[in-house]
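1. for reference, the sequence and a predicted model appear below.
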Amino acid sequence: MFEALRSTPWAYPALEAVHIVGIALLIGNLVALEARVFGRAAVLPVQGLARLSLSIALSGFALAAASGSLMFATQPQDLLANRAFQIKMGLLVLAGCNALWFHGRGSLAKLDLLARVQMLSSTAIWLAVVFCGRWIAY
């Protein structure tokens, strides 16, 4: 299967496109929720939007993780030696820890200053993940 990804001219680019769609679903929905928390679209209830946004964001993460794992499997040694990849993986762990902390402390119900800092941090971390992902190829 991994040989097909390497040898079929369209397979790896298609997988990259799937990866980008997953990232777009993830970050787009986190930013939409963040915009609501910071006062945009105030007519939308935060809890309802959060349920929708977070479920789509998780679907995007699953898509990005699955496609990323397949891309990783085509060249694991090269990627493990790549500094941008190493930083990206560290940022993914940091994003996961931030999400666990956010939900573990009930930040969505509180929407206090710390919750807002956590949301901004999440967006910054995910954008850094994207930058590292693009940097891997160079």
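-> That came through, no problem.

2. drop to CA atoms for contacts and neighbour counts, all remaining ones
-> Will do.

3. and the helix-or-strand element of the chain with minimal mean pLDDT, what other elements does it pack with?
-> For the chain, counting by mean pLDDT, DSSP states H and E, helix 2-7 ranks last in confidence among helices and strands (a mean of 73). For helix 2-7, the packing partners by 3 or more CA pairs under 8 Å, 6 or more residues apart in numbering; DSSP states H and E come out as helix 11-37, helix 46-74.

4. so the longest one versus helix 11-37, what angle?
-> In this structure, helix 46-74 runs at an angle of 160 degrees to helix 11-37, with axes from the mean of the first three to the mean of the last three CA atoms, to 10 degrees as the basis.

5. in helix 46-74, what's buried?
-> By 16 or more other CA atoms under 10 Å, the buried positions in helix 46-74 come out as 46, 49-50, 53-54, 56-64, 66-68, 70-72, 74.

6. likewise the shortest one?
-> Residues of helix 11-37 classed as buried: 12, 15-16, 18-20, 22-34, 36-37 (neighbour count, 16+ other CA under 10 Å).

7. with adjacent residues omitted, what lies nearest to G22?
-> Closest residue to G22 apart from its sequence neighbours, by CA to CA, 6 or more residues apart in numbering: G60 at 4.0 Å.
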